[in-house]
Structures are given as C-alpha cells and as structure tokens.
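In: predicted coordinates and the sequence they were generated for:
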2 protein chains.
Amino acid sequence: MASTLAAGAENATQARILRHLRDGGPLSRVELAERIGTSRTTVATEVSRLAELGLVDDIGPGVSRGGRRATLVDLAGRLRFVGVDVGATSLTVGVTDGRLQVLVQREEELDVRRGAEHVLGRALELTRKLLAEQHLTRPAGLGIGLPGPVNFHAGTPVAPPIMPGWDGYPVREVLARELGCHVLVDNDVNAMALGELHAGVARSARDFLFVKIGTGIGCGIVVDGRLYRGVDGCAGDIGHIQAEESGPACACGNSGCLEAFFGGAALARDAAAAARSGRSPELAALAAASGAPLTAADVGTAARHGDQAALALIRDGGRRVGTVLAGLVSFFNPGLVVIGGGVSGLGHLLLAEIRGVVYRRSLPLATGNLPVVLTELGDAAGIVGAARLASDALYSPD
Amino acid sequence: MASTLAAGAENATQARILRHLRDGGPLSRVELAERIGTSRTTVATEVSRLAELGLVDDIGPGVSRGGRRATLVDLAGRLRFVGVDVGATSLTVGVTDGRLQVLVQREEELDVRRGAEHVLGRALELTRKLLAEQHLTRPAGLGIGLPGPVNFHAGTPVAPPIMPGWDGYPVREVLARELGCHVLVDNDVNAMALGELHAGVARSARDFLFVKIGTGIGCGIVVDGRLYRGVDGCAGDIGHIQAEESGPACACGNSGCLEAFFGGAALARDAAAAARSGRSPELAALAAASGAPLTAADVGTAARHGDQAALALIRDGGRRVGTVLAGLVSFFNPGLVVIGGGVSGLGHLLLAEIRGVVYRRSLPLATGNLPVVLTELGDAAGIVGAARLASDALYSPD
C-alpha cells in the first residue's frame, strides 16, 4: 500500500530539511546545512532528491549575505495537507499548504452520533470538494481529530463515550484507502494542542498544557515539543477528575467530576435551571427568544449583560476548573497553560477565575513564570493541529 | 576544571557502549555492535579507547555461539559511584560498582536543618571512609538527593521549605571540588524514582510515577525512561495539591493540602491526638513506653495490633492519597505507580486503600493495566538513583 501513498522523507536528513522549511523556510542550502549541522554537499544532494519527489522547490535568489545571492529552497508550492476536526455537533475540514497555513476551510453542523460511515463520508466529500477547488485530487497527508479516546498507532477510536458506533472503526484505513495518502488519527484535544504549538500562542513553548472546555473537558500535554499520549493513549482525560467531593452524578458513574459541573451539557443544564427558577431574567429572555435549549454561548451573552446568575455560573465553573488545574500545575510544572474549546468563549471572566485559583493554590515556584492564557487560534487549532500530525508523519525519516 | 574530573564517554558510541554494559553487561563486541546498530570495527575501536580510559575491561571468554568463544567486555571492575540520600532527619551514603549495585552503605541520623556545610561535611567524611575501605580516593561520580526543590542544572537547592540555610548553596560545586569527580544534585524523590527504574519494581516501565510519602509527599515522573523535571524543575510537587476543600492549615499557607493531612508530621500529630483522647489505647501505650513523640511507624505497629483508631488514620490517609493520585492517573496515564517513602511502611493496608480509590475514580482505560505497587528497594532507592544520576552523566556523549 505504501507505493500508492504520496512520497515522504526517505531519511533523517530529508526529514530535517522538510521540518526546517516548514517551521522557518524558505532557506538557502547554506542556511539549511548550518541549522541541521551537516555538510553543504549532503544538503545539496538531499534537496535535489526532495525536488525529484516533488516536496521542495527552488524559488529564486534570497537576500545577499555579501557575495553571490543564494537560491532559496522552499516547500513545494503545490504541497497540500488536510486537517479534519470532528466535534460533537460539527465537522470542519481545512486545506493547508506545506507550512500548514490554512488556505480554505468549510464547517457544517453534523452530529457525531450519526456514526462513523456517515461522518467520514461527509468529511471525504468536503475534502474532495476543497481539493478540487485547488485543482488537486490527492493531498500529501490528512490528519483527523475525534472527540473521544483514540488508539493513535492503530488509527481507531477506543470506547468513545459520545460516539456510538465508532468503537474500533478503522478510521485511518478507510480514509487512507479513499484518498491514497498518509492519514493520522488522534483525539481532538491533542490535535488542538499541536495546532497551538504550531501556529498559536504556544509557538515558543516546549512543555505546556492545552485545556479544552467544550462539550467535554480534556487536556493536551506537550512534553519537550511533542505530544505526550500516555501508556494507553488516554493521557489528558481530565474531565472526570474529582472537582469536589460531592456533586452532580456524571455519565461515567462517579459524582463530582469536573465535566459534570462545567462541561457544555452541565452548563446548559444549569442555565436552563436558572432561567426556569427566575434567578436569571436574561437567560429566561434568551430562551424565550430563541425557542431552543440554552447553551454556553447564551450564558456568556447573559453575563455580558450583567446577569448575576450567569456570572455566578461562570465564576463557579472557573473556580472548579482552576482547582483541578492547580493540582496539575503543581504536578507537571508546565511553562504555559492555554484554555480553549467552546466554553472558553466565556472569555476573560472565566480566565480571571481560573487564574485566581491556579495562582493561589499551586506551588509558587511552579507559577512564578506561568502564563495562563486563552487560545489564539480558536476553532482553527483543531484543523491546523490535525494537518500538523500529517506533516509530522510525512516529514519523518521512515 | 574538566581535566581534574574522572574521564567519561567521549562520544555517542562510547556512551551507548557504557549504558549497554551497565544495563545488560557483560557483552561481547559482536553483541554490542548488534545492540547499538553500528559496525564491529567501530565498536572494537571505541572499546579499546574506553579500556585506555579505564572505563571497561576485557573479562575473558563468554558462552560460545557456535564458533570461537568471544571475549566479553564489562565495565571496569574498579569503577565506583557514590549515591547520597539526604533525608529530613537522616543521611545515607552508598558506594556502588559501575552497574550501580550497592557494595557498601552507611546511614546516620542527621537533621538537615543543621545546614549545608555541616550535612555536606558529614556526607564527605562518610564518602571518604567508604571509598578508603575500597582502597579508592576518588569515585567516577557522585549523585546526591536533597529533600526539597533543586535547580538540577545549577546543582543548587531552590527555596527548600524544610532546609533552612540551604537556599542557593552551591552543593554541586562544593562536592565536585572536594572529590574531583562529576557531581549531580537532584530532589530526593526524583532520585528514588530513578532508583526504582534502574533496579526496582519499575525496571521494565517507560512511563511511571513514583510517589514518596514521608516527612513530605512528592512524586517522581518518568516519561519514556527519563525523569521529567518540569519547566522550573519542580514537577511532581504533589504534597500541596488540595485533597479536600477544607482541612488542616498547611505550612504553605493554604488548607486542605495532601501533606497537611498525611505527611509524616500530620500523621504524628493525629497519632498523638488519638493517644491523648483515649481513642487509641495502643498508641497511648506506645507513647508511654517510648517517651518519645509518636511516629508513622508507631501508627503501623498499632494498626497491626488491630487498633481501630490507627487503622482509621491509615484508611483516611490512603483515601486522600488515592483521590489525588486518581486525578494524576487520569491526567498522565502512567504504566505503573510505585508507592515509597517512610509512611509506605504502613504497607498493604495503605496500598489497598490507595488502590481502591484509584481504580474507582480514574478513567477505566487508564487503570485497565495499571499496577499500583509498593517500592521494592525501600530506602536503597535513593542511593541507587543518586548513583544512577552520576552514571548517566559519565555515560553521556559530552
């Protein structure tokens, strides 16, 4: 099957050349040799081979460093990656260039519970449509993030709680067969963490946590610039950490879980209760106006209008997220914490509450230089990170 | 100064040879070439050089694999490392061979609060005495574990709460000058985790947690066979994670910290209260018999005699450790959790309580194959791990 896939790096030097061009290109052969720490001859040979493979281009003279102006090498202009972000209720597909800049993206509402065949069918249709607009049939690679635990090496979901019918479905195999390219499958939070690492607020971080607060609550863990997935691939599943000794029953069978307090469903439940009870005139008005169930976004709107019940929901949730995060900061001593996901749209009020608890409860040594910030990429983090997974695989020595 | 230090590996191949001999020697040149993935010629050249440096020896013929019996290479028989474990109230010094087997060790009671000069002076005296018994004056390297946060790269303690006068003291510099060898300084829990990795129950683990429950409570984090120290070197400081929303005031300024419930001092405090109140006849008898303050060991003794108050102390402590650990297991998805430190002497009752909470509260996917076990090495973990730090440095390419 390998022969039907788009070509990737054939050795470690080629892989390093491609990564340097992705993360800091275009570069001259001399600059590449310096950054990689190998001879100019070796670089010249490998660049020629990469050009034959269609992975790099000469793009003309760069800025002179005194003598003759060196010809710059860049990733091939026609190199395309696809990033797919499957959410609980949405599907986003983006096409990027070799440097993972998103050229075009499409999003549609789609319930992940409709099953693997339906959702992947829609993803394939959108992918082909976007590629056709770029006059391409086949990308160099595709990455896809799923809202549940994933066996990264097998490319399959593992007992995902909110994805009935997906357990063990051969996602990678099916997509690779359909598209004839490298396919990488990961948890959506891991993909978002990689997106922030590649192009977001974590660009210069080596060890950081990306916390997604959405329908579920999860955490991407980056150690030394690489995702840490844990022994069974489920590291970062922080939604079921106990936030308080007693609390609402959780779908997992325990009570007091962070997600049962402040996941998307919990927040919607508490917002509806506040609207019904008369504690929140703003939320009641929003529910009446839309006729649809209240959401996290409605809580944000009501809070911005000064609604006390909505403000209290955000403060309580932020405090509980902060309590759990404070423990993880003491344990992991990260250089940065990024907050993202749908509920992070609640913005700076939520952030202030989280920060307050983290800075008060974590070890001073661990928080002295610790920024806790909101995502810069927002929804794009998932597709950039998914594309990054694919590019990491293509730009690998094997 | 480098020239006054014992010689170490000069390049990556030599470093690999030394590590393979440490972890699986003795080996023939052919076996070394196979394991390292390089040519026999290269191995032969580098082994000769290592013999010149006094780091390896030829030790005669091995078992035949059909033809002529190959000569086995081993670490030099005279290679010695020193591991020093500084506890809150004790000092242990051990001398190991090149494979980090402890040849001789000495322990004495010593209050770390007597200050860096006094404690390091005692450590040097013990080290010199043990080396003299081995007819040596200089070890190949020394590692030392301290009971507080350490800047590993600088080799100095950083604001250690229970070590007055040690803050910023140049521990590495002083010991290296006195002994003329490589010196590595780390947190005691990190050293113990490395000890378990090298020679204990974590020998075959790549990603695991070592939890020390003693005077303080801390955690060593091993990722892919290497210590993860965090951005500021204070990763694993789990003693101040909130175990319950309200609880005893902690020295750190917060309340409800794990250590304030179940560190050595907290357990002694609760034991004394149980003895005074009449709730624990066993503890009262032990206090009267010894005339000294009650300790964790006394709680263990009383519990083994069936004392209900002592049993309750262990169960409550185990439950709180378990609650914190359950969160860390969900977050980190380790392959193994090892429990060590003084309070771990409470044994299987404590372990059962911790396991109960971890298996009930962590994500099933993360605990399906997760052993939670007691240390195998006990007190030796600290000196083996400290010696391992030194050997890792000596067996490094630079």
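Out: Here it is on my side, so go on.
In: next one: the helix or strand A:G382 falls within to chain centre, how far?
Out: Element membership for A:G382 (DSSP states H and E) is helix A:380-394. Averaging C-alpha positions (CA atoms, centre = their mean, to the nearest Å) puts helix A:380-394 8 Å from its chain's average.
In: keeping just the C-alphas, turn the helix or strand that contains A:L50 into CSV.
Out: Assigned by DSSP H and E, A:L50 falls within helix A:40-52. Below are the C-alpha coordinates for helix A:40-52, written out as CSV (Å, rounded to 0.1, in the frame of the first residue of the first chain):
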residue,chain,number,x,y,z
ARG,A,40,26.6,21.6,2.3
THR,A,41,27.2,18.7,-0.1
THR,A,42,24.9,16.5,1.8
VAL,A,43,22.2,19.2,1.9
ALA,A,44,22.6,19.8,-1.8
THR,A,45,22.2,16.1,-2.6
GLU,A,46,19.1,15.7,-0.4
VAL,A,47,17.5,18.9,-1.7
SER,A,48,17.9,17.6,-5.2
ARG,A,49,16.2,14.3,-4.2
LEU,A,50,13.4,16.1,-2.4
ALA,A,51,12.8,18.2,-5.6
GLU,A,52,12.6,15.0,-7.6
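In: now for that helix, which elements pack on it?
Out: Where contact means 3 or more CB pairs under 8 Å, 6 or more residues apart in numbering or on different chains; DSSP states H and E, helix A:40-52 is packed against helix A:12-24, helix A:29-36, strand A:56-61. All C-beta spots, glycine's among them, are computed from the backbone N, C-alpha and C.
In: among the ones you listed, which is nearest chain B?
Out: Among the helices and strands packed on helix A:40-52, helix A:12-24 comes nearest to chain B, with 13.4 Å by CB to the nearest CB.
In: in that closest one, what counts as buried?
Out: A:13-22 (16 or more other CB atoms under 10 Å in any protein chain shown).
In: coming back round to it: same list, the helices and strands packed on helix A:40-52, but as a markdown table with distance to A:N151 please.
Out: Output for these, formatted as a markdown table (distance: least, CB to CB, whole Å):
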| stretch | distance to A:N151 |
| --- | --- |
| helix A:12-24 | 24 |
| helix A:29-36 | 33 |
| strand A:56-61 | 33 |
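In: so which of those gets nearest B:R40?
Out: When the helices and strands packed on helix A:40-52 are compared by CB to CB, helix A:12-24 sits nearest B:R40, at 23.0 Å.
In: elements contacting the closest one?
Out: Contacts defined by 3+ CB pairs under 8 Å, 6+ apart place helix A:12-24 against helix A:29-36, helix A:40-52, strand A:56-61, strand A:71-75.
In: weakest of the ones you listed in terms of mean pLDDT?
Out: Sorting these by mean pLDDT places strand A:56-61 lowest, at a mean of 87.
In: tell me the angle that one makes with strand A:71-75.
Out: Using axes from the mean of the first three to the mean of the last three CA atoms, to 10 degrees, the inter-axis angle of strand A:56-61 relative to strand A:71-75 is 140 degrees.
In: neighbouring strands - and their directions - for strand A:56-61?
Out: strand A:71-75 (antiparallel) (DSSP bridges).
In: for chain B, what's the nearest residue on the stretch 101-250 of chain A?
Out: As assessed by CB to the nearest CB, chain B sits closest to A:G230 within the stretch 101-250 of chain A, at 2.6 Å.
In: could I get the helices and strands packed on helix A:12-24 as a markdown table with mean neighbour count?
Out: A markdown table is the format used below for the helices and strands packed on helix A:12-24 (neighbours: other CB atoms under 10 Å in any protein chain shown):
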| stretch | mean neighbour count |
| --- | --- |
| helix A:29-36 | 18 |
| helix A:40-52 | 16 |
| strand A:56-61 | 16 |
| strand A:71-75 | 20 |
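In: tell me which of these sits nearest to B:C219.
Out: Closest of the helices and strands packed on helix A:12-24 to B:C219 is helix A:29-36, at 37.2 Å (criterion: CB to CB).
In: okay, strands next: where are they in the stretch 151-300 of chain A?
Out: With strands called from DSSP state E, counting those that start in this stretch, the stretch 151-300 of chain A shows them at A:156-157, A:182-187, A:208-213, A:217-223, A:226-227.
In: where does the prediction get shaky in the stretch 251-398 of chain A?
Out: Applying pLDDT under 70 to the stretch 251-398 of chain A picks out residues A:344, A:398.
In: get me the contact residues on it for chain B.
Out: When proximity is defined as CB under 8 Å from any CB of the partner chain, the stretch 251-398 of chain A approaches chain B at A:252, A:254, A:323-324, A:326-328, A:330-335, A:360-363, A:365-366, A:368-369.
In: select the longest helix from chain A.
Out: Using DSSP state H, we find that the single longest helix of chain A is helix A:308-332.
In: what's downstream of it, the next helix or strand?
Out: Using DSSP H and E, the helix or strand that follows helix A:308-332 in sequence is strand A:336-340.
In: follow-up on the earlier one: to B:G239, which of the helices and strands packed on helix A:40-52 lies closest?
Out: Closest to B:G239 of the helices and strands packed on helix A:40-52 is helix A:12-24 (CB to CB; 38.9 Å).
In: sorry, back to before: surely the residue of the stretch 101-250 of chain A closest to chain B touches B:S330?
Out: No - proximity of A:G230 to B:S330 does not meet the contact threshold set by CB atoms under 8 Å, at 9.6 Å.
In: more neighbours, these two?
Out: B:S330 (29 against 22; other CB atoms under 10 Å in any protein chain shown).
In: and the more buried one, what is it in contact with?
Out: Contacts for B:S330 (CB atoms under 8 Å, 6 or more residues apart in numbering or on different chains) come out as A:237-238, A:240-241, B:362-363, B:366.
In: ranking by neighbours, what's the top pick from those?
Out: Comparing those by number of neighbours (other CB under 10 Å), A:I241 comes first, having 30 neighbours.
In: ok, back up a step: tabulate the buried residues of helix A:12-24 (CSV), appending distance to A:A76 and pLDDT.
Out: Formatted as CSV, the buried residues of helix A:12-24 follow (distance: CB to CB, whole Å; pLDDT from 0 to 100):
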residue, distance to A:A76, pLDDT
A:T13, 18, 91
A:Q14, 13, 93
A:A15, 15, 93
A:R16, 17, 93
A:I17, 12, 94
A:L18, 10, 94
A:R19, 15, 93
A:H20, 15, 94
A:L21, 10, 94
A:R22, 12, 93
